[in-house]
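K.L.:
When you get a sec, could you give me coordinates for this:
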Amino acid sequence: MLALQDTTELNFWRHAGSKKGFGVVGNGRDIGLFLHPVIVIEAGDGDPRQVGHAGGVLGLADANFYTRAKAPPGGRKSREKQRRIPRAIETKETGRWVEGLVQADRRLREAAMVSVIADRESDFYELFAKPRSAHVHLIVRAAHNRHMSDGARLMAAMAAAPHVAGQDIFIPAKDGRAARRARTRVSWREIELPRPRVGFELDRLPASVKLNAVMVEEIDAPEGVKPIVWVLLTTHAVESLEDALRIVGWYRARWTIDIDPAWRLSRINGGSRRLRFWRQAAPGRRRCADRFQRGDGLRIGEHQFVALGAPSVAA
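P.N.:
Got it, this is the predicted structure:
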């Protein structure tokens, strides 16, 4: 199974005069809340030629609703300053990525294998260091050019690693960019990341974590188009091109959250008529979260996402 994490905002700016108890969304002005789901899909049969997932959405491992307070006096600069103060990951918005991993591990404990997949925002040490069951793995797109334990920088080390021809990757259209088929080359190697020198109670974290890194680079990109370059960090073993291509294929399945027609309904600004899960519960993120934890799942449009592993779901 693949457990895909991502965050979306529900913007209720059209209802600012009639709704109470909300925080603000990403622009710092409009009222709303955030939803961080862990969507579970089939991983396929593991054949790297069948890139991506072979089946549809199976259900939800978690759905975390949270709000954000309006920026304190001093605006966003003041908020950013506060964010840099070391504190427990559980007290930060960033903690949602760790909680998503924990819930996927708990709810999918009977699965043969689970790969928890997330984009660059989840590239932080605490996630890789978090204890998890042996059948649960991580695939995260790297955001930071980290120092590794041997003193080298991650991106330079991956660029210097031997490359081999990869598979063509279909890149969907986005933000005015036309869809295209990208030719790629691939490299992989084992890496070791040291514990950060700055943070909250660092002694509770292991001194280092060993991961495998896979780099996929687009070659001969169209003129005027920035070529794709992904560095994927994973706890899976990567010992061959077949293994590396499998990791790339599973990471690409993350696009299910963006392009699946059912899930896309959650990204409607003004969130009102189609977001029935919100209308069926009293205002407040706690009530929505309670409904999910009871096993009711989540309804978006005409689609019901089942809460996997919940007591009301048959084994």
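K.L.:
CA atoms for contacts and neighbours, from now on please.
P.N.:
Will do.
K.L.:
Rank the helices and strands of the chain by mean pLDDT and give me the bottom one.
P.N.:
helix 276-279 (a mean of 35; mean pLDDT, DSSP states H and E).
K.L.:
okay, and for the stretch 51-200 of the chain, where does confidence drop off?
P.N.:
51-56, 71-80, 82-83 (pLDDT under 70).
K.L.:
Helices of that one, start to end?
P.N.:
According to DSSP state H, counting those that start in this stretch, the stretch 51-200 of the chain carries its helices in the segments 75-83, 95-107, 125-129, 154-160.
K.L.:
I'd like the ones you listed laid out as CSV, including mean neighbour count and distance to Gly249.
P.N.:
Formatted as CSV, the helices of the stretch 51-200 of the chain follow (neighbours: other C-alpha atoms under 10 Å; distance: least, C-alpha to C-alpha, whole Å):
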stretch, mean neighbour count, distance to Gly249
helix 75-83, 12, 34
helix 95-107, 21, 20
helix 125-129, 19, 21
helix 154-160, 15, 19
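K.L.:
so which of those gets nearest Glu217?
P.N.:
Nearest to Glu217, of all the helices of the stretch 51-200 of the chain, is helix 154-160, at 9.6 Å by C-alpha to C-alpha.
K.L.:
got a list of contacts for that closest one?
P.N.:
145-148, 187-189, 213-215, 231 (C-alpha atoms under 8 Å, 6 or more residues apart in numbering).
K.L.:
repeat that for 6 Å
P.N.:
Applying C-alpha atoms under 6 Å, 6 or more residues apart in numbering, the external contacts of helix 154-160 come out as 145-146.
K.L.:
How far does that helix sit from its chain's centre?
P.N.:
Centroid separation for helix 154-160 versus its chain: 23 Å, with C-alpha atoms, centre = their mean, to the nearest Å.
K.L.:
Also stretch 37-47?
P.N.:
Counting by C-alpha atoms, centre = their mean, stretch 37-47 is centred 14 Å from the centre of its parent chain.
K.L.:
ok, now stretch 144-159?
P.N.:
On C-alpha atoms, centre = their mean, the centre of stretch 144-159 falls 22 Å from that of its chain.
K.L.:
Only alpha carbons, please: show it as PDB.
P.N.:
Output of stretch 144-159 as PDB, limited to C-alpha atoms (Å, rounded to 0.1, in the frame of the first residue of the first chain):
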ATOM      1  CA  HIS A 144      17.500  20.600   1.800                       C
ATOM      2  CA  ASN A 145      21.000  20.300   0.500                       C
ATOM      3  CA  ARG A 146      22.100  18.600   3.700                       C
ATOM      4  CA  HIS A 147      25.500  17.900   5.100                       C
ATOM      5  CA  MET A 148      26.000  14.200   5.300                       C
ATOM      6  CA  SER A 149      28.000  12.300   7.900                       C
ATOM      7  CA  ASP A 150      31.000  12.100   5.600                       C
ATOM      8  CA  GLY A 151      31.000  15.900   5.200                       C
ATOM      9  CA  ALA A 152      29.700  15.900   1.600                       C
ATOM     10  CA  ARG A 153      26.600  17.800   0.500                       C
ATOM     11  CA  LEU A 154      23.700  15.700  -0.500                       C
ATOM     12  CA  MET A 155      23.000  17.300  -3.900                       C
ATOM     13  CA  ALA A 156      26.700  17.300  -5.000                       C
ATOM     14  CA  ALA A 157      27.100  13.700  -3.900                       C
ATOM     15  CA  MET A 158      24.000  12.600  -5.900                       C
ATOM     16  CA  ALA A 159      25.200  14.600  -9.000                       C
END
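K.L.:
show me the contacts for Thr67.
P.N.:
Contacts of Thr67 (C-alpha under 6 Å, 6+ apart): 23, 33.
K.L.:
got the contact list for Leu211?
P.N.:
By C-alpha under 6 Å, 6+ apart, the contact list for Leu211 reads 190-191, 234-235.
K.L.:
What strands line up against the helix or strand hosting it, and which way round?
P.N.:
Using DSSP states H and E, the element containing Leu211 is strand 208-219. Its sheet considered, strand 208-219 pairs with strand 180-194 (antiparallel), strand 229-234 (antiparallel) by DSSP bridges.
K.L.:
For those, give me TSV that also has mean neighbour count and distance to Arg109.
P.N.:
Putting those into TSV (neighbours: other C-alpha under 10 Å; distance: least, C-alpha to C-alpha, whole Å) gives the following:
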stretch	mean neighbour count	distance to Arg109
strand 180-194	19	27
strand 229-234	22	19
